[in-house]
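Quick one, what's the 3D model for this:
(chains A, B and C)
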Amino acid sequence: MNMEHIADSVFQLVARIPKGKVTSYKDLALGAGTHARVIGRILHTNVDPKKYPCHRVVHSDGSLAGGYVFGGPSKQQQRLEDEGVVFTSKHKITKDYFFHF
DNA sequence: TGTGTGACGATCG
DNA sequence: GCGATCGCCACAC
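Numbering: from 1, shown residues only, chains lettered A, B, ... in the order given. Sure, this is the predicted structure:
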């Protein structure tokens, strides 16, 4: 039960997120068996936007992370909108798009 | 080994 | 509703 297993679990869960849906750091943390802060650390350490849709990971309240390194939150929002996610406010979505494992 | 920091969450004012 | 503070775990120095 090391951090590699945790990271692998996180990426597996991220890959399981269906198109047009998002998930929160908390859900990933509960699914991977770690804390929400670790999720952000793992995603920031393993930068693979082509393999893992890290743009589908948002805060528990539905707001974007803001630390999206692949073009900023605007890019992340645009990508989510392209997948069918509608933003109610600036960089904020409804919990209806939250995908629970 | 110990301290500080961070893609966060929840609570308090 | 928003800003500030504490708590959380893993990692860098």
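
For the helix or strand of chain A with the lowest mean pLDDT, list every residue counted as buried.
Among the helices and strands of chain A, strand A:87-89 carries the lowest confidence by mean pLDDT, DSSP states H and E, at a mean of 87. Neighbour-count burial for strand A:87-89, with 16 or more other Cβ atoms under 10 Å as criterion, is recorded at residue A:87. Glycine gets a C-beta too; all of them are placed from N, C-alpha and C.

ok, residues contacting stretch A:7-23?
Under the contact criterion Cβ atoms under 8 Å, 6 or more residues apart in numbering, stretch A:7-23 has outside partners A:27-28, A:31-34, A:39, A:42-43, A:45-46, A:51-54, A:56-58, A:80, A:83-85, A:93, A:97-101.

For it, what is the spacing between the initial and final residues?
Start to finish, the residues bounding stretch A:7-23 are 16 Å apart (Cα to Cα, to the nearest Å).

Report whether it contacts DNA strand C.
No - Stretch A:7-23 lies apart from DNA strand C when judged by Cβ under 7 Å from any atom of the strand; the minimum separation is 7.7 Å.

try stretch A:31-45
Yes - among the residues of stretch A:31-45, A:34-38, A:41, A:45 lie within reach of DNA strand C under Cβ under 7 Å from any atom of the strand.

Strands - which of the contacts of stretch A:7-23 land there?
Counted as lying in strands by DSSP state E, out of those, are A:57-58, A:93.

From those residues, list the ones also adjacent to DNA strand B.
Contacts with DNA strand B within these, as defined by Cβ under 7 Å from any atom of the strand: residue A:57.

Looking at neighbours, which among the ones in strands among the contacts of stretch A:7-23 is most surrounded?
Within these, most neighbours by other Cβ atoms under 10 Å means residue A:58, with 26 neighbours.

can you pull the contacts of it?
A:22-25, A:64-65, A:93.

Among the residues of stretch A:31-45 next to DNA strand C, name the buried ones.
Counted by 16+ other Cβ under 10 Å, the residues of stretch A:31-45 next to DNA strand C give A:34, A:36, A:38 as buried.
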